[in-house]
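> Okay, predicted coordinates and the sequence, questions at the end:
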Amino acid sequence: MQSARTVFLVRPTRFTFNVETAQSNHFQRYMAGLDAEAIQARAFAEFDAVVATLRAHHMQVLVFEAPAEPHTPDAVFPNNWGTFHPDGRVLLYPMCAPNRRPERRPDILETLGQRFGIREVVDLSEHEQAGRFLEGTGSIIFDHVHRIAYAALSARTDEGLFREVAAKLGYEPVAFRAHDADGHDIYHTNVMMCVGARFAVVCLESITNPAERAAVVESLTRTGHEILPITLAQVACFAGNMLTLQPSHGPELLALSQSAYDALRPEERRRLEQYAELLPLAIPTIETIGGGSARCMLAEVFLPVAEPVAGPHQQQ
């Protein structure tokens with residue numbers, strides 16, 4: 001299954017501009033004229049509206065609160081620290097910014113373990129000490145149906161570690177470099193690429209090496225995906241930062257920010273609507289200050305539902 005039926009989100013307590021991530025994330029920007037209290041209020045309002053919208057569209061949504069201490073300004077983007085797989089494995093990833101590392105929370109794993117079957121936790125965080133980073137589904141775009149993993153290499157996405165993880169999970173790795181309009185490495189693959197079951201949104205012009213670009217196109221074409229190319233200008237509006245979701249009933253959803261939706265041309269929206277209902281989410285404060293968008297807020301849970309514990313009146 002390509003699309004998760006359950007996601008979890010982390011409410012952004014003490015949401016601020018993260019100076020530790022700004023060096024490699026060129027999408028982060030300050031918002032003039034807003035003090036910390038106003039920013040926090042806006043972030044809470046945007047977050048709560050996202051949760052309400054997802055639930056109104058029949059998604060199973062779990063919400064965790066970010067603790068006040070230690071301060072984790074990017075806790076609202078939980079997709080970067082863990083992936084939760086159908087075979088019961090959980091992978092915990094090495095994070096580039098030290099103030100993001102406490103986002104990996106045992107209490108979240110404990111709560112998930114009460115509802116889902118977790119058979120193994122693979123902790124890769126030791127690679128932080130060697131300066132090797134791989135930030136979850138920010139770094140890796142999974143084609144779960146065809147077991148292919150895509151990654152745009154950057155300071156936050158180590159090629160060797162990406163290939164090791166792909167092998168561990170049994171996925172074919174496709175690695176490449178992607179650059180923004182100023183020639184900087186695009187910090188996360190999920191800013192410029194989204195893969196659904198039958199379509200792929202990808203900024204091909206950001207893949208400046210012709211051989212690498214051809215390899216991405218070949219892989220997507222071979223697996224039957226309709227490729228929807230987007231521009232670097234659209235990437236700057238987070239048009240690549242989308243995620244397909246499977247609600248309990250109704251059509252598949254494509255979650256994206258309102259700014260991403262507005263950046264798509266009408267014909268591009270129509271093409272995407274052949275595959276999923278577009279679900280624009282208004283998060284201007286979170287994506288401007290945080291430098292991440294709708295997809296980054298959604299941690300997919302593919303774990304199997306936990307077997308009920310037999311009580312005194314249940315048969316063993």
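Perfect, thanks for sending it. Numbers count the residues shown, from 1 in each chain.
> Could I get the full set of helices for the stretch 51-200 of the chain?
Taking DSSP state H, counting those that start in this stretch as the test, the helices found in the stretch 51-200 of the chain are 106-115, 136-139, 159-169.
> Out of those, which one sits most buried?
helix 136-139 (a mean of 26; mean count of other Cβ atoms under 10 Å). C-beta here means a position set from N, CA and C on the backbone, and glycine is covered the same way.
> Tell me the helices and strands packed up against that helix.
Using 3 or more Cβ pairs under 8 Å, 6 or more residues apart in numbering; DSSP states H and E, the elements in contact with helix 136-139 are strand 82-84.
> can you do 10 Å?
strand 82-84, strand 148-152, helix 159-169, strand 299-301 (3 or more Cβ pairs under 10 Å, 6 or more residues apart in numbering; DSSP states H and E).
> Count the neighbours of residue 14 for me.
16 (other Cβ atoms under 10 Å).
> quick one on the thing from earlier: closest to residue 257 out of the helices of the stretch 51-200 of the chain?
Among the helices of the stretch 51-200 of the chain, the nearest to residue 257 by Cβ to Cβ is helix 136-139 (15.4 Å).
> quick one: contacts of the closest one?
Applying Cβ atoms under 10 Å, 6 or more residues apart in numbering, the contact partners of helix 136-139 are 25, 77-83, 91-96, 133, 149-154, 156-158, 161-162, 165, 187-191, 241, 243, 292, 295-296, 298-300.
> Swap in 8 Å and give it another go.
For helix 136-139, contacts defined as Cβ atoms under 8 Å, 6 or more residues apart in numbering pick out 77, 79-83, 91, 93, 133, 151-152, 156-157, 162, 187-190, 292, 295-296, 300.
> Show the end-to-end separation of stretch 51-63, please.
8 Å (Cα to Cα, to the nearest Å).
> Go through it and flag the buried ones.
Judged by neighbour count (16 or more other Cβ atoms under 10 Å), stretch 51-63 contains these buried residues: 51, 53-54, 57, 59-62.
> Pipe those residues into a markdown table and attach pLDDT and distance to residue 248 per row.
Listed next are the buried residues of stretch 51-63 as a markdown table, based on pLDDT from 0 to 100; distance: Cβ to Cβ, whole Å:
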| residue | pLDDT | distance to residue 248 |
| --- | --- | --- |
| 51 | 98 | 16 |
| 53 | 98 | 15 |
| 54 | 98 | 11 |
| 57 | 98 | 10 |
| 59 | 98 | 8 |
| 60 | 98 | 7 |
| 61 | 98 | 11 |
| 62 | 98 | 14 |
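> And the contacts of helix 136-139, which of them are buried?
Counted by 16+ other Cβ under 10 Å, these give 77, 79-83, 91, 93, 133, 151-152, 156-157, 162, 187-190, 292, 295-296, 300 as buried.
> Against residue 259, how distant is the spatially closest residue to residue 2 that is not a sequence neighbour?
Once flanking residues are discounted, residue 2 sits nearest to residue 197: 4.2 Å by Cβ to Cβ, 6 or more residues apart in numbering. Counting by Cβ to Cβ, to the nearest Å, the gap from residue 197 to residue 259 is 25 Å.
> Residue 300 against residue 2, yeah?
No: at 10.0 Å, residue 300 does not count as touching residue 2 under the criterion of Cβ atoms under 8 Å.
> returning to what we had before: mind putting the helices and strands packed on helix 136-139 into CSV with distance to residue 121 and mean pLDDT?
Converted to CSV, these look like this (distance: least, Cβ to Cβ, whole Å; pLDDT from 0 to 100):
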stretch, distance to residue 121, mean pLDDT
strand 82-84, 9, 98
strand 148-152, 20, 98
helix 159-169, 13, 98
strand 299-301, 14, 98
